[in-house]
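[1] coordinates only, sequence not included:
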């Protein structure tokens, strides 16, 4: 009887280890997430820039990410010192993040973003290039 109880305890422990191990390996890699521009071009002047954060393997939008780093400059045109302020805006679409910026020149602009995804370790970082048109 004592051996039977010992065997059941061992079996329960092994099952627990299997489930715990599979739960930790099921987590996504932070490289499975990326920001994508909703529109590749915006008008010069006051602009609203919309980006979508997606989980690449299934293409689903990722809501509730915490965006903590933003930078918008003209690095694509060789003028990274030409930067402008970026202000977050509310969005009604899940997984879409909006920013307001003043693009005072026509040309290529680079939006650099850093974000934390709920439940994941690491940081999603992307540099997106858009065009300001007249």
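    All right, it came through fine. Note that the structure is a prediction, hence the values are computed from the model and not measured. Residues are numbered from 1 along each chain as shown.

[2] All the strands of this structure, residue numbers only.
    Taking DSSP state E as the test, the strands found in the chain are 33-37, 41-43, 45-55, 60-61, 66-74, 79-84, 86-89, 96-103, 107-116, 124-133.

[3] Without its sequence neighbours, what residue ends up closest to residue 64?
    residue 118 (5.5 Å; C-beta to C-beta, 6 or more residues apart in numbering). Where you see a C-beta, it was placed from the backbone N, CA and C, and this is true even at glycine.

[4] Identify the residues contacting the one you found.
    With contacts defined as C-beta atoms under 8 Å, 6 or more residues apart in numbering, the neighbours of residue 118 are 64, 65, 66.

[5] Listing request: residues of the protein with sub-threshold pLDDT.
    1-27 (pLDDT under 70).

[6] what's the neighbour count on residue 56?
    Per other C-beta atoms under 10 Å, the neighbour tally for residue 56 reads 13.
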